[in-house]
Structure formats: C-alpha cells, structure tokens
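Asker: pasting a predicted model and its sequence here:
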Amino acid sequence: MATVGPTVTLTTGTKALVIISSACGIDTQDRGAYASYVISGATTKSAGSQPGDTIELAGPQNAYNTTIVSAAVSVVTLTAGSNTFTMKYVKGGPTGVANFNSRSLYVMRLN
C-alpha cells in the first residue's frame with residue numbers, strides 16, 4: 001500500500017508501549033493483508049517486506065472479501081530521544097486488492 005500512517009513522533013526513554021489496530025481485508029482467496037509499524041529517528045525498526053517479517057496484524061488469509069478487525073500491543077526497547085512510529089502495510093501475494101480501514105496507532109512512553 002502506497003499510503004502510510006498514521007504517524008506518531010515523541011521523545012521517549014528506552015521503552016514504549018505501542019498499540020496498533022486496523023480493519024484488514026483482501027479480495028483474493030489464499031492471500032493476506034498485513035499491517036505493522038516502523039520506527040525512525042533515534043531508533044530504527046523495519047517492518048520487513050514479507051508477511052511474517054515482524055508483521056503485527058494479519059487480515060484474512062483463507063477467506064476472501066472478508067475484513068478482520070484486530071489489534072496488537074507490544075513493548076519496544078528504544079534508543080532514548082525523538083522517535084517516529086509509522087504504520088505500514090503489505091499484501092500477501094502478487095494479486096488482489098488489500099484494504100486497511102480504521103487504522104490507529106498509539107504510543108506511550110514507559111520510562
């Protein structure tokens with residue numbers, strides 16, 4: 001998906017709580033829709049380029065024209081400083097159209 005976001009930038013210590021949620025769906029059977037987040041700034045975290053590479057949310061994989069609403073919560077270790085968290089998206093195959101609606105990203109500094 002060419003569109004990224006939402007995005008949150010804040011000054012953190014070495015730990016943060018990250019919550020992401022999205023309604024993920026795809027119109028092709030045996031494919032999936034995946035959402036994750038990247039971190040840039042003082043810390044660098046890649047979302048990966050393939051499903052399963054640190055992907056946090058997964059949409060339907062064996063049921064097409066179905067949307068699943070899900071959320072993921074994680075505590076991340078960071079380099080203290082200004083960190084930007086951005087949601088990213090990928091579909092699980094070369095065909096089909098993935099959709100991501102009601103996207104949310106929450107980040108809370110823990111220390």
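Answerer: Perfect, I can see it now.
Asker: spatially central residue in the chain, please.
Answerer: For the chain, the residue sitting closest to the mean C-alpha position, by Cα atoms, centre = their mean, is Ser36 at 1.7 Å.
Asker: that one contacts Lys45, correct?
Answerer: No - using Cβ atoms under 8 Å, Ser36 is not in contact with Lys45, being 9.3 Å away. No exception for glycine: its C-beta is placed from N, CA and C like everyone else's.
Asker: what lies in contact with stretch 96-106?
Answerer: 1, 5-8, 17-28, 31, 33, 35, 37, 59, 64, 67, 69, 71, 85-87, 89-91 (Cβ atoms under 8 Å, 6 or more residues apart in numbering).
Asker: now find how far off-centre it is within its chain.
Answerer: Relative to the centre of its chain, stretch 96-106 is centred 9 Å away, using Cα atoms, centre = their mean, to the nearest Å.
Asker: list the buried residues in it.
Answerer: Buried residues in stretch 96-106, counted by 16 or more other Cβ atoms under 10 Å: Gly96, Ala98, Asn99, Phe100, Arg103, Leu105.
Asker: just stretch 4-13 next, same as before
Answerer: Val8, Thr12.
Asker: output the lowest mean pLDDT helix or strand found in the chain.
Answerer: The weakest-scoring helix or strand in the chain, judged by mean pLDDT, DSSP states H and E, is strand 57-58 (a mean of 69).
Asker: understood, closing this out.
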